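1. Structure here, sequence nowhere to be found:
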DNA sequence: GGGGAGACTTGAAAATATGCCT
DNA sequence: AGGCATATTTTCAAGTCTCCCC
């Protein structure tokens, strides 16, 4: 079945076009042109800050090799040479590199507890070594050379250095030739970084200004219930004035059109790519780099390695921290490590120049395709029709089983679900089948069989379970990895989706439809030109198509059977460099917004009263996106659930409450709500916020003459809105506001609220901030079924403890008087305890009660709030990592294994990093 | 400039694993 | 050692946004 990619292949395969060069290990150097451009912009912007760039680079490095040392049997890619693996745990190297790169600062946080840390670090070191070897380039060397060339990524060396050495200076940017106003302005603004206001979420600002309203919570203090906007209030700032002014003055912001336009043009080129534009930009940015540096071709990891030693002060700190981080990572990775066995693949020569082409996402790509779910195994259990057992063909039975299994889900209460199911299933049954009415079908026997199977599984001994798991792993292993530019990377979703009934959320019109089985002939594979084409795992069948498109990152795709116009892609995992790179770019863009935000806000504020309706709508929409963290709101088809975002808000979604409040409801809550106030199971999003009067008035105007179901912003759609945003800042789109507001809120809260205390207390601070962000972004979860039961159990326990407490107090009284304690509930005589002991017990019990009450409160507060989504998608991990370093909180208290892997690129950030 | 294809990110819920308590 | 609670991972739906074409 599966194919193994012969080792040799791995080695020299595909060098697509440009890569004839020596083998190497490159990482996604090749950003698309857009990316490059953006990057460059971003770079410019960020170069002025001291953020942890160097760090990131380093981490990439490690990442890539991280595992090299282990080697061995990787079936999937057996080869004598080992590949650099970049997988999750990579960190080891990071530590080194970081260490090297940055001088240590002082005592810094140890990320981890000593013991483990040490171990890890050792390992890490070891690993590093290995890596080095493998790569052929020693890290050291890399480091040393850094200057020479590529390090790429992110900025000219000079810039980097500068940036590092003086953080907030504009130096870097200036040096980087970029002529644009924007740049300048940024630079200038930079100085104002501290201006709280500026950085603060809009809501905050507004609040400050108007002390009004709804929101009155105190600073970040959790006012838990408050809707986002309200939460953050105050923060205002004293400081602001001056800085603000200066930035304003510099105010080049909107003007940037020039730039932006060019950028956009640059962006366009997909395939055609406009190297020029990009290039020039790059040049600018990297001005001082030698051209040799095409580092484009160099793997990020490598580039990273090379990063120049900064001598900075912080290094020791960094080093330590980094180590810690890495070690922990490493540990985590152990497992994965095992899997990676061959790691010697990397060679480290420089890669050939791929630099110019902006679109290119990779040069060589090798993988084994995808794995299919096993064929259906008929169970022979018969459903009852009108009370009589019915024979079904395996195909019919398979679909019947899909339905039966959903017996106790809410879908069974949805007529649409049943209707769609029946339409598809009855087709399978055929016209003349006995079964003519779904309501007469009793699927219980199948359902019960299903429960039994589940039970059986549960009852298996742990050995059996383990064996099973191993078996599965064995089958899947070869599909789990891809080799991208000679680096082994995890594949995200290599399992083809099994057939099933479509579980659309909310009132999705297609729920219940049969999602048919996907076969090889549905699948298009994307792979390097010279890579072996994955063998089709199902004998006798073959892939639909093979492509060699290196401008995209997908490894395979098929058309969604429910909506054939859409696609399902197989991508690399979140821990891959390719994803990491784009993640980083996302945050850099959001950080760039920080520099522009003040002017953007000023601009839209001005437009609230514009004569031009479109302008006014754009202004108000932008405001809502900024203040309420609304999503853009693309148009939706009729065959999708009816949900709304900003541009698709209906009149009925926004209610004006005099004198100046808006009640916004039903704004896209996946699966929960739609505009029309649904069933009981839909949780409505409702948020009442106070807004500036001009906004309030403008909304009133947009309402007039329309019915509730008309579009509130009738002159607007996401294209127009984003086009406008791009005029304000290169690359700016609606979603950037979410990222920005989420990250800036975390950064500020953490920095304001963190006090001395033990780790646990700091973690609580973090969680509070995280929660604040989740609320801002409206990340909800459904209340767990057992929530109320759990709460009452806790209440019971507390009551019980209080009883104990009371008793203890009585006993204490008595003991003080020399009397024996009262008898216990069973009438037995209790032991005689001294008053001291009793007092101690009382204190303990009190503490226990307090803790339980706190836990209960937290549980209640978080019952509908999902913290994970923001952590994964909206919070710049560098904020978290830097904070952990500064406050000696082990990073793994905040990031689990997956997040550590996903954010490997952020681990080396400077402890001083601020968003 | 509007629409659709295409590619990629974001999101909640289900499935599993792990931890904790008794 | 079993049973629940919680944490993590997986799954796959549902967004956003870009580019290209007409």
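-> Looks like it came in fine. What you see is a predicted model; the values in this text were computed from it and never measured.
2. Neighbours of the residue in the stretch 401-550 of chain A positioned nearest to DNA strand B, how many?
-> Closest to DNA strand B within the stretch 401-550 of chain A is residue A:469: 5.7 Å, counting by Cβ to the nearest atom of the strand. The C-beta positions use only the backbone N, C-alpha and C, and glycine is treated the same way. Using other Cβ atoms under 10 Å, residue A:469 has 10 other residues around it.
3. before we move on, which element is it in?
-> Using DSSP states H and E, residue A:469 maps to helix A:462-476.
4. Helix or strand next in line after that helix, which one?
-> Counting by DSSP H and E, what follows helix A:462-476 is strand A:481-484.
5. helices or strands up against the following helix or strand past that following strand?
-> As assigned by DSSP H and E, the chain's next helix or strand after strand A:481-484 is strand A:487-490. Applying 3 or more Cβ pairs under 8 Å, 6 or more residues apart in numbering; DSSP states H and E, we find strand A:487-490 packed against strand A:85-86, strand A:481-484, helix A:577-607.
6. Point out the most buried one among those.
-> Across those, averaging neighbours per residue (mean count of other Cβ atoms under 10 Å) puts strand A:85-86 on top, at a mean of 36.
7. What residues does the nearest residue to residue A:749 once chain neighbours are set aside make contact with?
-> Distances taken as Cβ to Cβ, 6 or more residues apart in numbering put residue A:769 closest to residue A:749, at 3.9 Å, once the chain neighbours are dropped. Going by Cβ atoms under 8 Å, 6 or more residues apart in numbering, residue A:769 touches A:220, A:745, A:746, A:749, A:750, A:753.
8. Mind checking the pLDDT average for the one helix or strand residue A:769 maps to?
-> Using DSSP H and E, residue A:769 maps to helix A:759-776. In this model, helix A:759-776 has a mean pLDDT of 93.
9. Number of residues surrounding residue A:637?
-> Counted with other Cβ under 10 Å, residue A:637 comes out at 8.
10. does it sit in a helix, a strand or a coil?
-> Using DSSP: H, G, I helix; E, B strand; the rest coil, the structure places residue A:637 in coil.
11. mind checking how far it is from DNA strand B?
-> Distance, residue A:637 to DNA strand B, by Cβ to the nearest atom of the strand, to the nearest Å: 8 Å.
12. for that residue, what are its contacts?
-> By Cβ under 8 Å, 6+ apart, no residues touch residue A:637.
13. let's see it at 10 Å
-> The contact partners of residue A:637, by Cβ atoms under 10 Å, 6 or more residues apart in numbering, come to A:509, A:563, A:565.
14. returning to that earlier point: can you tell me which of the helices and strands packed on strand A:487-490 comes nearest to residue A:516?
-> Smallest distance to residue A:516 across those (Cβ to Cβ): 26.9 Å, for strand A:481-484.
15. which outside residues touch stretch A:419-433?
-> Under Cβ under 10 Å, 6+ apart, the answer for stretch A:419-433 is A:385, A:390, A:392-393, A:395-400, A:402-403, A:406, A:411, A:414, A:435-439, A:441, A:501-502, A:504, A:508-516, A:562.
16. Can you confirm whether stretch A:639-656 lies near DNA strand B?
-> No. Using Cβ under 7 Å from any atom of the strand, stretch A:639-656 stays clear of DNA strand B, coming no nearer than 10.0 Å.
17. coming back round to it: okay, the contacts of residue A:637 in TSV with secondary structure next?
-> Output for these, formatted as TSV (three-state DSSP):
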residue	secondary structure
A:509	coil
A:563	coil
A:565	coil
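18. now, which of the residues you listed lie close to DNA strand C?
-> Checked against DNA strand C using Cβ under 7 Å from any atom of the strand, the contacts of residue A:637 yield no neighbours at all.
19. For burial, what's the neighbour tally of residue A:459?
-> 8.
20. What lies in contact with stretch A:460-471?
-> Applying Cβ under 10 Å, 6+ apart, the contact partners of stretch A:460-471 are A:457, A:458.
21. Report the buried residues of the next helix-or-strand element following the helix holding residue A:769.
-> Next helix or strand after helix A:759-776 toward the C-terminus (DSSP H and E): helix A:787-816. Residues A:794, A:798, A:801, A:805, A:807, A:808, A:811, A:812, A:814, A:815 are the ones in helix A:787-816 that count as buried (16 or more other Cβ atoms under 10 Å).
22. Quick check: which element contains residue A:735?
-> Using DSSP H and E, residue A:735 falls within helix A:734-753.
23. ok so, going back, just the buried residues of helix A:787-816 now: which is nearest DNA strand C?
-> Out of the buried residues of helix A:787-816, the member with the shortest distance to DNA strand C (by Cβ to the nearest atom of the strand) is residue A:794, at 8.4 Å.
24. That closest one against residue A:854, yeah?
-> No. Residue A:794 lies out of contact with residue A:854 (Cβ atoms under 10 Å); the separation is 11.0 Å.
25. Low-confidence ranges, chain A, go.
-> Within chain A, the stretches with pLDDT under 70 are A:1-358, A:666-685, A:824-826.
26. How is it divided into domains?
-> A:607-744, A:756-904 (automatic domain parsing).
27. so of those, which one's packed in deepest?
-> domain A:607-744 (a mean of 19).
28. Residue A:526 is in contact with residue A:366, correct?
-> No. Look at residue A:366 against residue A:526 with Cβ under 10 Å: they stay out of range, at 11.4 Å.
29. shared neighbours of these two, anything?
-> Taking Cβ under 10 Å, 6+ apart as the contact rule, residue A:366 and residue A:526 both touch residue A:555.
30. Just want to know which of these two has more residues nearby.
-> Neighbour comparison, residue A:366 and residue A:526: the larger count goes to residue A:366, with 27 against 21 (by other Cβ under 10 Å).
31. Bridged to that one, which residues?
-> On the basis of DSSP bridges, residue A:366 is bridged to residue A:483.
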